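J.: Pasted the sequence and its predicted model underneath.
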Amino acid sequence: MKRSKFSDEQILAIVKEGEAGRKRIAGYTRVGSIVLGVVQSIGMLLLFRQFSIVIAPIEEIVVVVTLTAGSTFLLWLGEQVTEHGVGNGVSLVIFAGIMLSMPTYISGIFATIQGGSVPWINAVFLVAAFVGMVVLVVYITQGTRRIPVMHFKRVVGRGQTQGGSSFLPIKVNSAGVIPIIFAISLMLLPATLMNAVPATIGSTLYEVKHWLLKLQPGANWWSTTFYALVVAFFTYFYTAIVLPVEDMADNLNKGGSYIPGIRMGKPTLDYLEAVVSRITFAGAIFLAFIAVMQYVVPTWTGFPTFTLIGGTSLLILVGVAIETMQAIEAQLLMRNYEGFIKKGPRSPQIGQ
């Protein structure tokens, strides 16, 4: 069997190259974004044809070029914000897109209430659910398990470093929003592909497409339950990628550090795996709950708006807001530190 172009060791080697490695990864990201932009543009053309919208071939080329160029521009804009601004630029672009849609969602809620189709008390339940989920997302996103770590005294050159204690932080939700994105993409992929194939009513292909629509999250209780299980699975899968326990244990051993009450080596690895497994279970339950509430709340309240501003969108909003606030605080601390140095007393000159 042929190996893939980039193995895990090659990717890790690229990451360890520092700035040059980051530039290589950024280049691969740009190429992948252009390819995905072309694929999504073609998908839009197929969607046009499904709704009997026929355009000329030259117009189809314009649509593909325009959408791909727009996606590439947004990626470039996000990179510029990352380099010259505060926080992750691409995340801020997505954050801005969601926030720009909020007034439309809110006006839709008022229009639904004024139309009389949904009582105003349901809007109170919707706001309470939204605020409660924001508080829960902030609490879990900031939640960490601090494992105490002790450091041995070491001899460095002619000096000796003092031993001390610190902690190893493990976030409850280390996977972020990625498991929900993976799960929803996997659940919607079959129906999306089948929608591109024309089918007449009563044909076997039409029945298959109708059956695949029942697999989408929110269609019924068992598809929603299966969606929650898929989210939990991808939470464990992605956490194992971003949080390598073996590397953590190896770094502790190489740095002359140990966990109190736990032997170094294999016992430390087993202990860390047990802790990460328990923490990941809590994170998986949290992400599954957020993902399911995105479809349950509209059923309870009658407002389909929550499907658009809950779940993935809510995690992105809260996560980017917290990340940006932390980046701004770090910048302020750096500015205060530099100002303190500049305003401090001048050091005496040699010979004075």
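T.: Structure's in. What do you need?
J.: in this structure, which spans are strands?
T.: 144-151, 154-156, 159-161, 165-171, 257-258 (DSSP state E).
J.: Out of those strands, which gets nearest to Ser185?
T.: Of all the strands of the chain, the one in closest proximity to Ser185, counting by CB to CB, is strand 165-171 (23.4 Å). In this view, the C-beta of every residue, glycine as well, is placed from N, C-alpha and C.
J.: Just the angle for the closest one relative to strand 144-151, thanks.
T.: Calculated by axes from the mean of the first three to the mean of the last three CA atoms, to 10 degrees, strand 165-171 forms an angle of 150 degrees with strand 144-151.
J.: the helices in the stretch 1-150 of the chain, which residues?
T.: 8-15, 19-50, 57-84, 89-115, 120-142 (DSSP state H, counting those that start in this stretch).
J.: Comparing those helices by mean pLDDT, which bottoms out?
T.: Mean pLDDT across the helices of the stretch 1-150 of the chain is lowest at helix 8-15; the value there is a mean of 53.
J.: ok, back up a step: comparing the strands of the chain, which comes out most buried?
T.: strand 257-258 (a mean of 18; mean count of other CB atoms under 10 Å).
J.: Can you tell me what sits against that strand?
T.: Val149, Met150, His151, Phe152, Leu252, Met264, Thr268 (CB atoms under 8 Å, 6 or more residues apart in numbering).
J.: And the last one, how far from Pro148?
T.: Using CB to CB, to the nearest Å, one obtains 13 Å as the distance from Thr268 to Pro148.
J.: any shared contact partners between the two?
T.: With CB under 8 Å, 6+ apart as the test, Thr268 and Pro148 both reach Ile259.
J.: coming back round to it: who wins for proximity to Val86 among the strands of the chain?
T.: Here strand 165-171 is closest among the strands of the chain (CB to CB), at 21.2 Å.
J.: Go through stretch 90-98 and flag the buried ones.
T.: Val90, Ser91, Leu92, Ile94, Phe95, Ile98 (16 or more other CB atoms under 10 Å).
J.: for those, which one is nearest Ala219?
T.: For the buried residues of stretch 90-98, the nearest to Ala219 is Ile98 (24.5 Å; CB to CB).
J.: how about the nearest residue to the closest one, chain neighbours excluded?
T.: Ser313 (5.2 Å; CB to CB, 6 or more residues apart in numbering).
J.: From Gly265, how far off is the one you found?
T.: Taking CB to CB, one finds Ser313 at 44 Å from Gly265.
J.: ok, now which ones touch the most centrally placed residue in the chain?
T.: Centroid check for the chain by CA atoms, centre = their mean gives Val177 as the closest residue, at 3.3 Å. Listed by CB under 8 Å, 6+ apart, the contact set of Val177 reads Thr312, Leu315, Ile316, Gly319.
J.: The nearest residue to the first one once chain neighbours are set aside: neighbour count?
T.: This points to Thr312. Nearest residue to Thr312, sequence neighbours excluded (CB to CB, 6+ apart): Ile180, at 5.1 Å. By the criterion of other CB atoms under 10 Å, Ile180 has 24 neighbours.
J.: low-scoring stretches of the stretch 151-300 of the chain, by residue?
T.: Within the stretch 151-300 of the chain, the segments meeting pLDDT under 70 span 153-163, 195-203, 205-206.
J.: Just the helices from it, written as ranges.
T.: For the stretch 151-300 of the chain, the helices defined by DSSP H, counting those that start in this stretch cover 178-195, 204-213, 221-242, 245-254, 266-301.
J.: Looking at those, which is nearest to Pro57?
T.: helix 178-195 (22.4 Å).
J.: can you give me the angle the closest one makes with helix 266-301?
T.: 50 degrees.
J.: Buried residues in helix 178-195, which are they?
T.: Buried residues in helix 178-195 (16+ other CB under 10 Å): Ile178, Pro179, Ile180, Ile181, Phe182, Ala183, Ile184, Met187, Pro190, Ala191, Met194, Asn195.
J.: now stretch 42-51
T.: Quick answer for stretch 42-51 (16+ other CB under 10 Å): Leu45.
J.: Stretch 122-132 too?
T.: Asn122, Ala123, Leu126, Ala129, Phe130.
J.: Show the model's pLDDT score for the nearest residue to the first one once chain neighbours are set aside.
T.: Meaning Asn122. Closest residue to Asn122 apart from its sequence neighbours, by CB to CB, 6+ apart: Thr301 at 4.5 Å. With respect to pLDDT, Thr301 scores 81.
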